[in-house]
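Asks: Sequence first, predicted model second:
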Protein chains: 6
Amino acid sequence: MRENRIRKNWSQDKAVLCGWLAIPSSFSAEVIANEDLDAVLVDTQHGMIEVQMAITMLQAISTKGPAPMVRVNWNDPAPIMKLLDAGAYGVICPMINSREECERFVKACRYPPDGYRSFGPARGLLYGGPDYFEHANASVVTMAMIETREAMGRLDEIMSTKGLDGVYIGPSDLSIGLGHPPTLDPTAKEVLDAIDLIYKTARKHNIVPGIHTPGGKVAKKWIDKGFRLCALSNDARLLAAQVKSEIAAARG
Amino acid sequence: MRENRIRKNWSQDKAVLCGWLAIPSSFSAEVIANEDLDAVLVDTQHGMIEVQMAITMLQAISTKGPAPMVRVNWNDPAPIMKLLDAGAYGVICPMINSREECERFVKACRYPPDGYRSFGPARGLLYGGPDYFEHANASVVTMAMIETREAMGRLDEIMSTKGLDGVYIGPSDLSIGLGHPPTLDPTAKEVLDAIDLIYKTARKHNIVPGIHTPGGKVAKKWIDKGFRLCALSNDARLLAAQVKSEIAAARG
Amino acid sequence: MRENRIRKNWSQDKAVLCGWLAIPSSFSAEVIANEDLDAVLVDTQHGMIEVQMAITMLQAISTKGPAPMVRVNWNDPAPIMKLLDAGAYGVICPMINSREECERFVKACRYPPDGYRSFGPARGLLYGGPDYFEHANASVVTMAMIETREAMGRLDEIMSTKGLDGVYIGPSDLSIGLGHPPTLDPTAKEVLDAIDLIYKTARKHNIVPGIHTPGGKVAKKWIDKGFRLCALSNDARLLAAQVKSEIAAARG
Amino acid sequence: MRENRIRKNWSQDKAVLCGWLAIPSSFSAEVIANEDLDAVLVDTQHGMIEVQMAITMLQAISTKGPAPMVRVNWNDPAPIMKLLDAGAYGVICPMINSREECERFVKACRYPPDGYRSFGPARGLLYGGPDYFEHANASVVTMAMIETREAMGRLDEIMSTKGLDGVYIGPSDLSIGLGHPPTLDPTAKEVLDAIDLIYKTARKHNIVPGIHTPGGKVAKKWIDKGFRLCALSNDARLLAAQVKSEIAAARG
Amino acid sequence: MRENRIRKNWSQDKAVLCGWLAIPSSFSAEVIANEDLDAVLVDTQHGMIEVQMAITMLQAISTKGPAPMVRVNWNDPAPIMKLLDAGAYGVICPMINSREECERFVKACRYPPDGYRSFGPARGLLYGGPDYFEHANASVVTMAMIETREAMGRLDEIMSTKGLDGVYIGPSDLSIGLGHPPTLDPTAKEVLDAIDLIYKTARKHNIVPGIHTPGGKVAKKWIDKGFRLCALSNDARLLAAQVKSEIAAARG
Amino acid sequence: MRENRIRKNWSQDKAVLCGWLAIPSSFSAEVIANEDLDAVLVDTQHGMIEVQMAITMLQAISTKGPAPMVRVNWNDPAPIMKLLDAGAYGVICPMINSREECERFVKACRYPPDGYRSFGPARGLLYGGPDYFEHANASVVTMAMIETREAMGRLDEIMSTKGLDGVYIGPSDLSIGLGHPPTLDPTAKEVLDAIDLIYKTARKHNIVPGIHTPGGKVAKKWIDKGFRLCALSNDARLLAAQVKSEIAAARG
């Protein structure tokens, strides 16, 4: 099976720098995958992307070196399994608030006896190779999002779930969950403390801490602190930012 | 009929700052149309966009203020008329090298007796209003691209075509046509002289000079010089540029 | 945030007349949105429309004045949140049979602390404006469908759910649920009594009663009675009806 | 090869009543094809439909009895041949103004030695049957649109083109071409005279006269006069008309 | 209502030979439906196909004689009901492990009082006919997949579910569930015994046993044994097999 | 620029074995590209594929080793240039009957001064690399189809066109053109003589002879004879053949 670059980086204690796709297009996906990233994620939760479109975007990512990841729209086995069948090498699942929910997620990513994933890796075989089944359980990466007050009260319970590879912080939802306005670069002490606690708990359980960022500068800060998967805003926001700045230059 | 913002700007001697879409997605189209631009163009020539997709993108642009434009893939009445029917308020046509070609283009945008456009403005009626037919000939903007050595020898012939509203310079093709490498910000004297000549000839014939740019800084330069339609690179290139810069920041 | 025309009408005790889309096309969506309606709804339950297509249809509706609504295919947070992120200003959820189900629905439409909606309103920001987060909880409209015998036994329980804005009657399902054949214009006393009870209970709980209709005549009847959201059949049925009548005229 | 219902009707001197599709959706196509029509046409000229979408619409039409037709977007062999390969049994070609143009059109629909159609009837074989090649030249129907002043001056030249099966009048374009506003139900004497002349010339050359109509009543008028292919407005306009009338009823 | 060929075959104790679609295309669907099969199934679980695409594929199947079937991606009422509304005449549901799950599945396929299916059979009416509602409960076929160790322990409980028409064995998942590598032609005694037990239990409960196969030879074996629905691998695998063999011939 | 495997094979006098795609799906494209082929071609002439879909298929091919090729639907610069911009490394153009037509084709594939290709290789840069412009003229492969009696009379004129890399024989069209029924494995002496003459003339002009085949056995025959590009039927036909044979096995 083709090596999973996410795991490879982690085995070398290198961070995974991740592109994040919200635009439903295999062309913009390939534009991003062409850059010097370790992974590119198709966001089917808040991106304007559903599974049928995501499949073509996973193909586009596969033309280049970054590992293909997805964020599923909910903790639901149907899209999790379908996107794995479509060749995703890593899955981020939103809104994990308990051990039970975390197991439901992780086991959807693992064939029996480790989980209940159903067999039929259509594109997985094309991308991963004919020995996909033998290695998929050990290769596919699972990350649970911690983004509610409820989850903050159950960090150990969630992070000790067997088979869970990491946690991923969505600063906006975490901020809202703790009573603050949404922001990708939180400054509220309560939120920063929560991020710190998630980070330390992840380290304690030997799973990988990851966090969403508004861009490279903040990503660097978190990577320096020890986070090992950082995504850079998303394609739509980066595009808007660049356009705004060009317009400003043009309008003088 | 809904006013054409392109003509309105021109009537006030204000430049039209134009977004340029190469990504086949109505979502990224709306992201761009949401910014402070005067027009947004769907590029069906070099963009990865065909007419069916362009229709949804013209709808997306219509949710916001910029005027909807298109670049057709060739001087062919079928896509010209279809994209006008889909609500485009301006058409840029590539590779116009003679009066005959220019007439073929311009007349495809005009109902008889001014041209040979066929009637059936499906979405044009929805966007423009029920009196679309009465005003379309006077409202729709036509711009011919000057980008070959052949065209340089026929500037007067082309620019005096009845009904032509402007010319648009593609610096890359013009550079290649004159024997230089492609660039959106030419420095070769021969190319700059050609741009200058196109500009002056356009002014002489009372049509609007426009030019493609790599971004806001160069756009400002041309607008200051007198160009009245400048497009800012394209969405795919702007996206790649922003991603590159975020990656550089993240990687330190 | 852009005003929600549904709430505005309701605040003035004016009915919301609603178009209903079952045809998967952003063009037919815009054709309908071009008419004198207060809202247009994309039906992802019984319409031949899934979320990816619905996004382009919400864009099409946004080119015109009616408020964009959706019916989700089930009481599932994934499509509810995705369609809100895509800019829907109102959600109708089918088959609500208990307080627990109703809370699951309503809270999926509200950011914490009112609910558990996850943050990332991609197109919501484009349609609603940059202050979307501040006003979304108060602006987005939620309507639960009452269409089973089970729900009829729990009207107070359901309609007193905090954050629920209205109920919507599907006469066909309600008829079937009560043992009658499906019809959009019921005459069976049991069904009419149920509609009356739903109406009165809604009024008692200060939420808005709405009902699906086969067309304008029946809609007028219900609006006169006090219903404040009435949808007109759907695009596919209206199209078939019109075609049938033209064929009859042609065939003499 | 499956019988062509268009030819069958004509052989019995029965008019072909034709649905007309401008909405890009295979579902609305099937809704129309489900009605009592003799043919259903996918309009890739003024409809918001390109060839890729048209293919799925031709499939939808094939689930029912009406013969599948197309209007191509221009007299261009590429879409003509592709849509025939996709199973169209009849082609209407816009803007035929000379014998040369008419031959270019008709021959694109015929395999050598009758024309220059290229072989590869992918879906044609599925719809028509394995003996498609043997019968296609004799079965596929070709109709040229007469809609300009130029064409009016060359009726005999055009209508005597070998292999041409009929002419189709677009009253709007014909009206514009003759200096009148566009209308599907012309009353200007000059236009009515032109229609009459086209009709008589068609009859003289033993080809079938057809005409576009705003609906059943006008269609009946023309059928009674002798026209043998009449299309009923289009799906988008019929839909809008029905919605308008339902709204009027609802608003009282 | 149009007769259900699946039930017809079963009533005559004839096996249903079923094509299986994993390629998201209405054209390949029609290619398969054109062959001598009794049913063609759109696989939205492991196929690269989601519901929006499946609708066009069900249309393509409807152009030919085989009955249209679907496999849903999970035991979830939303896709089950949507695909039935789209005209599916049979549903296979994966991963049924208990009576409760089986009832949830079967009742999603039945209108009240037999189940909780919601009314709105958009394309079902077009394919099935105007009396669809009267006959749908009795006509639509439901098959539960037995593919886990858990389900093996509850065969009687599952198979005695009221309204269940058959069971379908996925040999790969069943093999994995029982601790063996995935294969469509199992030879492990434990797996073969499980298949035998499923077969006998189905016969005992008077429901139809079905099984997935790698191709015609194995299908014949199972049909001879008494299975009454056998699918032939899937389109993607058959295509790959044929290409491999042609390449081998070409490369000598 | 990424090496062109087609040219590499030819430089070593090795045949290019080519897959041929008629099914509009990026998944089936990747299934084929996963096999041991030298090139995979997207057929936009007789395949049910238009340019927008072809772009995603070229992406799918790019995930694997075979070189991406296209057949354009006609000798028209718009699709030729768009598909090159989308990353095609080789273009087959149908129905070339004269030197003039051949130049129009070949020059559409070459930047000035060799031709008139317009600059903007959106996906070409992603697939080919940043030095695409420098090498594209020398790398992109052009093949003209010889398939009419007219072309047979002008072989030297066509094949001596500067920049033409090869000719491609479509046996079906060639057969029809010479008065025989269409077949991919001709036996008529006149057709075989024509093929032989095309072969010898190509060799005389030092361009590459290629031919379409019904499968591997015939491909081997032609490769042994000296043809250096042979395509294997197409995906739709291979799929149908394999299904037929599995059905036969199943039905015994």
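Replies: Noted; the coordinates are in hand. Numbering: from 1, shown residues only, chains lettered A, B, ... in the order given.
Asks: Quick one: the helices in the stretch 1-150 of chain A, in order.
Replies: In the stretch 1-150 of chain A, the helices defined using DSSP state H, counting those that start in this stretch lie at A:5-11, A:26-33, A:51-62, A:77-85, A:99-108, A:122-128, A:132-139, A:149-152.
Asks: and of the ones you listed, who's closest to E:Ala202?
Replies: helix A:77-85 (25.5 Å; Cβ to Cβ). (C-beta placed from N, C-alpha, C; glycine too.)
Asks: the inter-axis angle of that closest one versus helix A:99-108?
Replies: Helix A:77-85 and helix A:99-108 are oriented at 40 degrees to each other (axes from the mean of the first three to the mean of the last three Cα atoms, to 10 degrees).
Asks: CA-only coordinates of helix A:77-85 in CSV, if you can.
Replies: The C-alpha trace of helix A:77-85 is given here as CSV (Å, rounded to 0.1, in the frame of the first residue of the first chain):
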residue,chain,number,x,y,z
PRO,A,77,-20.5,5.9,8.9
ALA,A,78,-21.9,6.4,5.4
PRO,A,79,-19.8,9.4,4.4
ILE,A,80,-16.8,8.2,6.4
MET,A,81,-16.7,4.8,4.6
LYS,A,82,-17.5,6.3,1.2
LEU,A,83,-14.7,8.8,1.4
LEU,A,84,-12.3,6.2,2.6
ASP,A,85,-13.4,4.0,-0.3
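Asks: how about that helix, does it reach chain E?
Replies: Yes. Counting by Cβ under 8 Å from any Cβ of the partner chain, contacts between helix A:77-85 and chain E involve A:Pro77, A:Ala78, A:Met81, A:Lys82, A:Asp85.
Asks: circling back: okay if I get the helices of the stretch 1-150 of chain A as TSV plus mean pLDDT and mean neighbour count?
Replies: Listed next are the helices of the stretch 1-150 of chain A as TSV, based on pLDDT from 0 to 100; neighbours: other Cβ atoms under 10 Å in any protein chain shown:
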stretch	mean pLDDT	mean neighbour count
helix A:5-11	98	18
helix A:26-33	98	28
helix A:51-62	98	28
helix A:77-85	98	26
helix A:99-108	98	21
helix A:122-128	97	23
helix A:132-139	98	16
helix A:149-152	96	19
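Asks: Looks like A:Cys109 contacts A:Ala144 (just checking).
Replies: No. Using Cβ atoms under 8 Å, A:Cys109 is not in contact with A:Ala144, being 11.0 Å away.
Asks: residue ranges for the strands of chain A, please.
Replies: Applying DSSP state E to chain A gives strands spanning A:16-21, A:39-43, A:67-71, A:90-93, A:141-146, A:166-169, A:208-213, A:229-232.
Asks: Let me have these in TSV, adding mean pLDDT, distance to chain E and mean neighbour count as columns.
Replies: Shown next, in TSV, are these (pLDDT from 0 to 100; distance: least, Cβ to the nearest Cβ, whole Å; neighbours: other Cβ atoms under 10 Å in any protein chain shown):
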stretch	mean pLDDT	distance to chain E	mean neighbour count
strand A:16-21	98	18	27
strand A:39-43	98	14	28
strand A:67-71	98	14	29
strand A:90-93	98	15	27
strand A:141-146	98	18	26
strand A:166-169	98	24	26
strand A:208-213	98	26	26
strand A:229-232	98	25	28
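Asks: Of those strands, which is nearest A:Ile32?
Replies: Here strand A:16-21 is closest among the strands of chain A (Cβ to Cβ), at 4.3 Å.
Asks: can that closest one be found next to chain B?
Replies: Yes. Judged by Cβ under 8 Å from any Cβ, strand A:16-21 and chain B are in contact via A:Leu17, A:Gly19.
Asks: Compute the inter-axis angle for that strand and helix A:26-33.
Replies: 160 degrees.
Asks: Now A:Gly115: closest residue in space, sequence neighbours ignored.
Replies: If the residues on either side of it in the chain are set aside, A:Gly115 comes closest to A:Lys107, at 3.2 Å by Cβ to Cβ, 6 or more residues apart in numbering or on different chains.
Asks: I'd like the distance between that neighbour and F:His46.
Replies: 47 Å (Cβ to Cβ, to the nearest Å).
Asks: Please apply the same query to A:Arg123.
Replies: Taken as Cβ to Cβ, the span from A:Arg123 to F:His46 is 27 Å.
Asks: can you tell me which residues contact whatever residue of the stretch 51-200 of chain A ends up closest to chain B?
Replies: Residue nearest to chain B within the stretch 51-200 of chain A (Cβ to the nearest Cβ): A:Met53, separated by 9.4 Å. Applying Cβ atoms under 8 Å, 6 or more residues apart in numbering or on different chains, we find A:Met53 in contact with A:Pro24, A:Ser25, A:Ser26, C:Gln52.
Asks: and these near chain F, which?
Replies: Among the contacts of A:Met53, chain F is touched by A:Ser26 when using Cβ under 8 Å from any Cβ.
Asks: so which two of the contacts of A:Met53 are the farthest from each other?
Replies: A:Ser26 and C:Gln52 (13.2 Å).
Asks: Count the residues that sit near the closest residue to A:Ala236 other than its chain neighbours.
Replies: Sequence neighbours aside, A:Ala22 is the residue nearest to A:Ala236 in space, at 4.6 Å (criterion: Cβ to Cβ, 6+ apart). A count of nearby residues for A:Ala22, using other Cβ atoms under 10 Å in any protein chain shown, gives 28.
Asks: Please name the residues that touch A:Ala22.
Replies: A:Asp43, A:His46, A:Gly47, A:Met48, A:Ile49, A:Asn234, A:Asp235, A:Ala236, A:Arg237, B:Phe27, C:Ala122 are the contacts of A:Ala22 under Cβ under 8 Å, 6+ apart.
Asks: please redo it, this time with the cut-off set to 7 Å
Replies: A:Ala22 sits next to A:Asp43, A:His46, A:Gly47, A:Met48, A:Ile49, A:Asn234, A:Asp235, A:Ala236, C:Ala122 when contact means Cβ atoms under 7 Å, 6 or more residues apart in numbering or on different chains.
Asks: pLDDT check: weakest of those?
Replies: Looking at the contacts of A:Ala22 by pLDDT, the weakest one is C:Ala122, with 95.
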